[in-house]
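Q: sequence and predicted structure, then a few things I'm wondering about:
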Amino acid sequence: MSTARLAEKIGEGHLRECFAIKGKPGLCVKRLKPGLSLLQRLHLRLLRRGMHRLEYKTYRRLPPKMKPYFNPVISVAPDHLVAARPLDFDGSHSRPVSHHRQIANKAFWKEVDNLISLFEKYNIWFFDAFQLGENVFVQKLSPTHWRPVIVDYKRQGWRSYPAQLNLLLDSEKKKKFYRKYRRFVNRYKGRPAV
Ligand SMILES: Nc1ncnc2c1ncn2[C@@H]1O[C@H](COP(=O)(O)OP(=O)(O)OP(=O)(O)O)[C@@H](O)[C@H]1O
Ligand SMILES: [Mg+2]
């Protein structure tokens with residue numbers, strides 16, 4: 001991806017930054033941030049080699065019923081990844097949950113329940129899926145039907161948290177997932193998860 005096609009920066013996390021693409025409102029590009037610390041670069045080199053490609057594979061391997069909740073990765077190259085950029089029914093860009101104070105939309109929470117039941121069914125646990133903040137977007141499919149869309153799902157296991165070897169166990173992954181999920185519901189639904 002030549003830098004001439006990159007438009008404004010639309011977000012950044014710990015490791016990557018995300019840019020709009022000129023003339024393509026439904027796409028974005030992610031690449032590693034310049035100026036990562038020595039420790040971050042070491043972590044990447046040792047444990048997260050091929051992070052973009054892994055994310056691409058993760059998307060492709062998802063059970064079909066889960067795919068609507070995960071933002072598609074379109075293509076990967078060694079140094080960047082092209083992903084979809086969620087759009088609302090009116091063509092505007094969907095916003096991350098962190099942009100909302102609370103999410104008062106019944107359909108959204110029903111979709112969240114459905115997604116949780118799919119995580120249970122397939123025993124797939126993405127720790128960061130419901131991280132407070134920026135990894136989940138609220139996509140408005142219509143004025144009344146909103147849906148959660150996860151835009152960052154690269155963290156799947158102990159490699160993300162090498163100090164926590166307990167994460168090799170499914171039961172521990174699940175516990176960590178639910179801790180974050182409960183915080184997400186408390187914060188954005190305003191009621192504790194049952
Ligand atoms: N598909 C997307 N559409 C729109 N914005 C996005 C998309 N993907 C990422 N972003 C924005 O860019 C930010 C950085 O992307 P991402 O979360 O993938 O980076 P990261 O460094 O891997 O994150 P983390 O710090 O959670 O590990 C996100 O928090 C989000 O605000
Ligand atoms: Mg992120």
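A: Nice, thanks for sending it over. Numbering: from 1, shown residues only. Ligands and ions are numbered 1, 2, ... in the order given.
Q: contacts and neighbour counts: CA atoms only from here.
A: OK.
Q: just give me the residue closest to the centre of the chain.
A: Centroid check for the chain by CA atoms, centre = their mean gives residue 152 as the closest residue, at 2.4 Å.
Q: that residue: what's it in contact with?
A: Applying CA atoms under 8 Å, 6 or more residues apart in numbering, we find residue 152 in contact with 128, 129, 135, 136.
Q: rerun that using 10 Å as the cut-off
A: Neighbour list for residue 152: 13, 55, 70, 71, 73, 126, 128, 129, 131, 134, 135, 136 [criterion: CA atoms under 10 Å, 6 or more residues apart in numbering].
Q: and which of the residues you listed is nearest ligand 1?
A: Using CA to the nearest ligand atom, residue 13 is the member of the contacts of residue 152 that lies nearest ligand 1, at 3.3 Å.
Q: relative to residue 130, how far out is that closest one?
A: Distance, residue 13 to residue 130, using CA to CA, to the nearest Å: 15 Å.
Q: neighbour count for the two, which is higher?
A: residue 130 (23 against 12; other CA atoms under 10 Å).
Q: wasn't residue 149 part of a strand?
A: Yes - applying DSSP: H, G, I helix; E, B strand; the rest coil, one finds residue 149 inside a strand.
Q: neighbours of it, how many?
A: Count around residue 149 with other CA under 10 Å applied: 24.
Q: same question, residue 46
A: Neighbours of residue 46 using other CA under 10 Å come to 9.
Q: now residue 122
A: 11.
Q: which residues of the chain lie near ligand 1?
A: The chain comes close to ligand 1 at residues 10-18, 83-86, 134-135, 151-152, as judged by CA under 6 Å from any ligand atom.
Q: hang on, residue 9 packs against residue 21?
A: Yes - the pair residue 9 and residue 21 passes the contact test of CA atoms under 10 Å, sitting 9.4 Å apart.
Q: which one's more surrounded, these two?
A: Higher neighbour count among residue 9 and residue 21: residue 21, with 21 against 14, using other CA under 10 Å.
Q: OK, contacts around the more buried one?
A: Contacts of residue 21 by CA under 10 Å, 6+ apart are 1, 3-9, 27-29, 82, 85.
Q: ok, now with 7 Å
A: For residue 21, the contacting residues are 5, 6, 7, 27, 28, by CA atoms under 7 Å, 6 or more residues apart in numbering.
Q: in its sheet, what does the helix or strand containing the third one sit against?
A: The one in question is residue 7. Secondary structure from DSSP states H and E places residue 7 in strand 6-12. When pairs are called by DSSP bridges, strand 6-12 turns out to pair with strand 16-21 (antiparallel).
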